[in-house]
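Trainee: For reference, the sequence and a predicted model appear below.
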Amino acid sequence: MTATLVTGIGELVTFDPAHPGPLGIVNDAAVLSVEGRVVWTGAASAAPRSDADEVIEVAGAAVIPGFVDSHTHLVFGGDRAGEFEARMAGRPYTAGGIRSTVAATRTATDQELRRRLARLVGELHSQGTTTFEVKSGYGLSVADEERLLRLAREVTDETTFLGAHVVPAEYADDPEAYVELVTGAMLDACAPHARWIDAFCESGAFTVEQSRRILTAGAARGLGVRLHAAQLGPGDGVALAVELDAASVDHCTYLSDDDVDLLAASRTVATLLPGVEFSTRHPYPSGRRLLDAGAAIALASDCNPGSSFTSSMPFCIALAVRDMGLTPGEALRAATLGGAAALRRDDVGHLRPGARADLAVLAAPSHIHLAYRPGVPLVARTLRASA
């Protein structure tokens, strides 16, 4: 068995109740892992150094759990920089731009998609993300949705079937026929490559009843449930997510008091995507409101070519602190433990014994610098468990 000791840590965030405070911080700390699993955290002076096959000295740097990005769309073709430029000049964001990415994705080869995917995964890793989810949704045909999930499965086990992203152009006059396709032949082809099913429950995409049919069909095939809702305006999507015990409901930009109460009384995580509000100029949802009500929240990048083309969880943390009412510690928790909860994982997002030894070493003395120094590449090294 291979044992690795990371030592010389100035500030270690563990989220372990065995250590002080809500973040489980240990100063002048070390982490020992065996075969990719954490077995011990504590003061560096007490570290079982003789047990280690490899010693990594970080010279006073802060170390945090690797980020868990629970919402991305990394497999796509084309570019929507022109759409972003127009939006910054005043054109409002709508769901319709997705179709342009669908057209570009359908014409891209597998190798072209793999190359883009590899670049984006490299960006995630270089910025401290060690666990991430990838959705389909830019194919919207049986063959293309299946291949997007097949490619996504090459880089992560957290894959989501999002055939219900928008209604493709060829079904514009018969959206019900497209729902039948999604819940029938498309689901049959995609379920073997997916862990989750998702739908975009929004004006311009899918109604609550259409979303319910799609999600329940996926659940019947053994897929976990996720949902995009309340991004472009208020609606009943959050209530649907809670009704179906969805692992997460994502966006949550426009929440009613009833929505907040429903989330607080459920185990459905409200996943906030601040990169979207940055890119679309929609109002930022209040993370403070959700936390104060007792709801669970996550932060994720929503990395996609249209509404949030960022792969940076540190950037999302900075936005959440600046514009969503979170403290730096709360934002870090949402980007790690919160993302793990949104994926219903208990082995990532923390550094308690038994967790995957996924660490981000910061070129900073404290986790606070993630928000304090926005835009600065503070992740000096990402350590991912191979086990």
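Mentor: Great, that's in hand. Residues are numbered from 1 along each chain as shown.

Trainee: So which bits of stretch 138-151 are buried?
Mentor: For stretch 138-151, a neighbour-count test (16 or more other Cβ atoms under 10 Å) marks 138-142, 144-151 as buried. From N, CA and C alone the C-beta is placed, and that goes for glycine too.

Trainee: Domain-wise, how is this structure divided?
Mentor: Following automatic domain parsing, one gets these domains for the chain: 3-66+350-383, 67-342.

Trainee: ok, so of the buried residues of stretch 138-151, who is nearest E202?
Mentor: L140 (15.7 Å; Cβ to Cβ).

Trainee: Need the per-residue pLDDT for that closest one.
Mentor: At L140, the model reports a pLDDT of 98.

Trainee: quick one: the residue nearest to V208 when sequence neighbours are not counted and A185, what's the gap?
Mentor: Among residues not flanking V208 along the chain, D236 sits closest, at 4.8 Å (Cβ to Cβ, 6 or more residues apart in numbering). Computed as Cβ to Cβ, to the nearest Å, the D236 to A185 distance reads 28 Å.

Trainee: Compare these two (neighbour count), which wins?
Mentor: Regarding D236 and A185, a neighbour count based on other Cβ atoms under 10 Å identifies D236 as having more, with 19 against 13.

Trainee: Can I get the helix or strand bottoming out on mean pLDDT in the chain in PDB? Just the C-alpha atoms.
Mentor: In the chain, no helix or strand scores lower on mean pLDDT, DSSP states H and E than helix 81-88, which sits at a mean of 92. The C-alpha atoms that make up helix 81-88 are tabulated as PDB, following Å, rounded to 0.1, in the frame of the first residue of the first chain:
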ATOM      1  CA  ALA A  81     -18.600  34.700 -28.200                       C
ATOM      2  CA  GLY A  82     -20.800  36.800 -30.600                       C
ATOM      3  CA  GLU A  83     -23.800  36.100 -28.500                       C
ATOM      4  CA  PHE A  84     -22.000  37.100 -25.300                       C
ATOM      5  CA  GLU A  85     -20.900  40.300 -27.000                       C
ATOM      6  CA  ALA A  86     -24.400  41.100 -28.100                       C
ATOM      7  CA  ARG A  87     -25.700  40.400 -24.600                       C
ATOM      8  CA  MET A  88     -23.200  42.800 -23.100                       C
END
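
Trainee: which parts of it are buried?
Mentor: Of all the residues in helix 81-88, those buried under the rule 16+ other Cβ under 10 Å are 83-84, 87.

Trainee: Check these against A29 and report the nearest one.
Mentor: Checking those against A29 with Cβ to Cβ, the nearest one is F84 at 41.7 Å.

Trainee: Which one of the buried residues of helix 81-88 is nearest to H367?
Mentor: Lowest distance from H367 to those (Cβ to Cβ) belongs to F84, with 30.4 Å.

Trainee: roughly how far apart are that closest one and F309?
Mentor: 7 Å.

Trainee: what residues are shared contacts of those two?
Mentor: By Cβ atoms under 8 Å, 6 or more residues apart in numbering, F84 and F309 have these common neighbours: S279.

Trainee: Show me which positions of the helix or strand hosting L290 end up buried.
Mentor: L290 is part of helix 287-293, with elements assigned from DSSP states H and E. The neighbour-count check on helix 287-293 (16+ other Cβ under 10 Å) flags 287, 290-291, 293 as buried.

Trainee: In CSV, list those residues along with pLDDT and distance to L378.
Mentor: As requested, the buried residues of helix 287-293 are exported to CSV (pLDDT from 0 to 100; distance: Cβ to Cβ, whole Å):
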residue, pLDDT, distance to L378
G287, 98, 21
L290, 98, 26
L291, 98, 24
A293, 98, 31
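
Trainee: Any regions of the stretch 251-387 of the chain where pLDDT drops low?
Mentor: Across the stretch 251-387 of the chain, the ranges flagged by pLDDT under 70 are 387.

Trainee: T7 contacts G60, doesn't it?
Mentor: No: judged on Cβ atoms under 8 Å, T7 makes no contact with G60 at a distance of 10.8 Å.

Trainee: where exactly do the strands run in the stretch 101-250 of the chain?
Mentor: Here the stretch 101-250 of the chain has its strands, by DSSP state E, counting those that start in this stretch, at 129-132, 134-135, 159-164, 196-201, 224-229, 248-251.

Trainee: Other residues contacting the third one?
Mentor: For strand 159-164, the surrounding residues in contact (Cβ under 8 Å, 6+ apart) are 73, 133-137, 139-140, 145, 149, 152-153, 179, 181-182, 186-187, 190-191, 193-200, 205-206, 210-211, 214, 218, 223, 226.
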